[in-house]
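Undergrad: coordinates only, sequence not included:
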């Protein structure tokens, strides 16, 4: 395991010589699978309706919504033409499908408990395919996991011994 | 007749997708591989068939889920279930909460903790160790996460090792992921035979 290749350890500031490094190493398989999962949602072989740069913009947006501006900075570098959508609140100028996708992302990310059948029906109504709805959920849901592992590790490293 | 379940329960509901799952007879070789089935299989859950729309995520999430919840060492399985349940309560994922409350009660051989949680939610009164675990997992699941360094300190003072704290971070965060699939993509409905 090369720590510098793992986003969660990078972002949490867990260096190879830190105490936390030996703690997290007990779950090395999980750390490595988490990185594979990041590939699967950010840079999948089959991207469907959402190309990699758009996914990076969504990841940036969700990181901001989770209060993690450092992680957002990590993702925005790959957002390309979609970088403007990475700012929470921005709805883009590309039409109703984009607007529906972005408002869905914001709700699933930070108002999860309010998500309802109408939200799925709303995406279908503007022409988002069922497979793409699942892809979008996986992306936002993975980010919820990743931001929380990072924030938890940062808290562990702040705790006085 | 089925009806949507809105209250927390340990009786595990069925899960009804809000969109069309992958049809097994139309699944690609990659999807069949991720589903670990042969084309002749008939019994695959609608939940897994729904997630098969994104086969790359499904393929990695299943082993990741199993490692976080079941790998040996570190935090007990019972306490990992408490972390999962706390997140599921925050996100109001009735299905996930039912599964993990039921598992907690079985592993603990006691329903008192989950009864108290379902009765009193955030104000539940638990043993000091369970309280520290539940409070951290609950705050971590809020959006944005609101746990702070004092919550981690309380975990240490309640006797958790750093390895256990890391396992708790993983199990509660994992349900930030699972809840956003299960709660968003489908409805928990009462089982027909229970009506």
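TA: Alright, I've got the coordinates. Bear in mind that the values here come from a model prediction, so they are computed numbers and not experimental data.
Undergrad: any stretches of chain B with poor pLDDT?
TA: Within chain B, the stretches with pLDDT under 70 are B:1, B:38-42, B:192-195.
Undergrad: quick one: the helices in it?
TA: For chain B, the helices defined by DSSP state H occupy B:29-35, B:46-51, B:55-70, B:77-90, B:94-108, B:112-120, B:128-141, B:149-157, B:162-185.
Undergrad: now the ones you listed in a markdown table, with mean neighbour count and distance to chain A?
TA: The way it works is simple: take the backbone N, C-alpha and C, and place the C-beta from them, glycine included. Formatted as a markdown table, the helices of chain B follow (neighbours: other C-beta atoms under 10 Å in any protein chain shown; distance: least, C-beta to the nearest C-beta, whole Å):
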| stretch | mean neighbour count | distance to chain A |
| --- | --- | --- |
| helix B:29-35 | 17 | 8 |
| helix B:46-51 | 20 | 6 |
| helix B:55-70 | 19 | 4 |
| helix B:77-90 | 26 | 7 |
| helix B:94-108 | 22 | 10 |
| helix B:112-120 | 17 | 16 |
| helix B:128-141 | 22 | 5 |
| helix B:149-157 | 17 | 5 |
| helix B:162-185 | 26 | 3 |
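Undergrad: can you tell which of those helices is closest to residue A:122?
TA: Closest of the helices of chain B to residue A:122 is helix B:162-185, at 12.3 Å (criterion: C-beta to C-beta).
Undergrad: got the angle between that closest one and helix B:149-157?
TA: Counting by axes from the mean of the first three to the mean of the last three C-alpha atoms, to 10 degrees, helix B:162-185 lies at 120 degrees to helix B:149-157.
Undergrad: now the spatially most central residue of chain A: which helix or strand?
TA: Nearest to the mean C-alpha position of chain A, by C-alpha atoms, centre = their mean, lies residue A:143 at 2.9 Å. In the assignment (DSSP states H and E), residue A:143 maps to helix A:130-158.
Undergrad: and that helix, average pLDDT?
TA: Summarised as a single mean, pLDDT over helix A:130-158 is 98.
Undergrad: gap between that helix and the chain center?
TA: Distance of helix A:130-158 from its chain centroid, counting by C-alpha atoms, centre = their mean, to the nearest Å, is 5 Å.
Undergrad: list the buried residues for that helix?
TA: A:130-157 (16 or more other C-beta atoms under 10 Å in any protein chain shown).
Undergrad: and chain B, which of those reach it?
TA: Restricting the buried residues of helix A:130-158 to those touching chain B (C-beta under 8 Å from any C-beta of the partner chain) yields A:130-131, A:133-135, A:137-138, A:140-142, A:144-149, A:151-153, A:155-156.
Undergrad: number of nearby residues for the nearest residue to residue B:143 once chain neighbours are set aside?
TA: If the residues on either side of it in the chain are set aside, residue B:143 comes closest to residue A:110, at 4.0 Å by C-beta to C-beta, 6 or more residues apart in numbering or on different chains. When neighbours are defined as other C-beta atoms under 10 Å in any protein chain shown, residue A:110 has 18 of them.
Undergrad: just the pLDDT for residue A:110.
TA: Looking at residue A:110, its pLDDT is 97.
Undergrad: next one: it from residue A:41, what distance?
TA: 18 Å (C-beta to C-beta, to the nearest Å).
Undergrad: can you check residue A:86 too?
TA: In terms of C-beta to C-beta, residue A:86 sits 16 Å off from residue A:41.
Undergrad: more neighbours: which of these two?
TA: Between residue A:86 and residue A:41, counted using other C-beta under 10 Å, residue A:41 has the larger neighbour count: 26 against 20.
Undergrad: tell me the pLDDT at that one?
TA: 98.
Undergrad: surely it touches residue A:134?
TA: No. Between residue A:41 and residue A:134 there is no contact under C-beta atoms under 8 Å: 11.2 Å.
Undergrad: my guess is residue B:128 contacts residue B:155. True?
TA: No. Contact criterion C-beta under 8 Å: residue B:128 and residue B:155 do not qualify, at 10.5 Å.
Undergrad: where in chain A is pLDDT low?
TA: Low-confidence segments of chain A (pLDDT under 70): A:1, A:92-93, A:161.
Undergrad: what are the ranges of the helices in it?
TA: Using DSSP H, the helices found in chain A span residues A:7-12, A:19-25, A:28-42, A:52-65, A:69-76, A:96-110, A:117-125, A:130-158.
Undergrad: export those as CSV, with columns for distance to residue B:35.
TA: Below are those laid out as CSV (distance: least, C-beta to C-beta, whole Å):
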stretch, distance to residue B:35
helix A:7-12, 28
helix A:19-25, 31
helix A:28-42, 16
helix A:52-65, 24
helix A:69-76, 30
helix A:96-110, 24
helix A:117-125, 22
helix A:130-158, 14
